[in-house]
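[1] Predicted model and sequence below, questions to follow.
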Amino acid sequence: MTLLKTLLREITGLFVDDGVLALAVLVVVGLSAWALADRRVGEGMAAGVLVGGCLFVLVASVLRAAYATRASRE
């Protein structure tokens, strides 16, 4: 039973581990969808904002985790 709990906790952690990352991606997706629906930008620009924003958020999250790990070692 302990193994099952540990397995479920680890699987859940894969999706919920970094709440800031999930929230930031939702903001990028919402901003891109809003701009496209409001006809402020074309489809190509909305796709670029979506991809570029998600990549930026991912890199920022990785750097934040790396700095946190480095700071905890010192």
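    Structure's in. What do you need?

[2] count of residues packed around the nearest residue to residue 28 once chain neighbours are set aside?
    Distances taken as CB to CB, 6 or more residues apart in numbering place residue 53 nearest to residue 28, at 3.6 Å, with adjacent residues excluded. In this view, the C-beta of every residue, glycine as well, is placed from N, C-alpha and C. Residue neighbour count, defined by other CB atoms under 10 Å, stands at 17 for residue 53.

[3] Just the buried positions in the host helix or strand of residue 58, please.
    Here residue 58, judged by DSSP states H and E, is contained in helix 43-73. Buried residues in helix 43-73, counted by 16 or more other CB atoms under 10 Å: 46, 49, 50, 53, 57, 61.

[4] thinking again about what came up before, just confirm the residue nearest to residue 28 contacts residue 26, I think it does.
    No. Look at residue 53 against residue 26 with CB atoms under 8 Å: they stay out of range, at 10.9 Å.

[5] just for the chain, where's the confidence low?
    In the predicted model, the chain carries pLDDT under 70 at residues 14-17, 74.

[6] Next, name the residue at the spatial heart of it.
    Against the mean C-alpha coordinate of the chain, by CA atoms, centre = their mean, the closest residue is residue 21 at 3.4 Å.

[7] how big is the angle separating the host helix or strand of it from helix 43-73?
    Here residue 21, judged by DSSP H and E, is contained in helix 19-37. Angle, helix 19-37 to helix 43-73, by axes from the mean of the first three to the mean of the last three CA atoms, to 10 degrees: 170 degrees.

[8] Much appreciated, bye for now.
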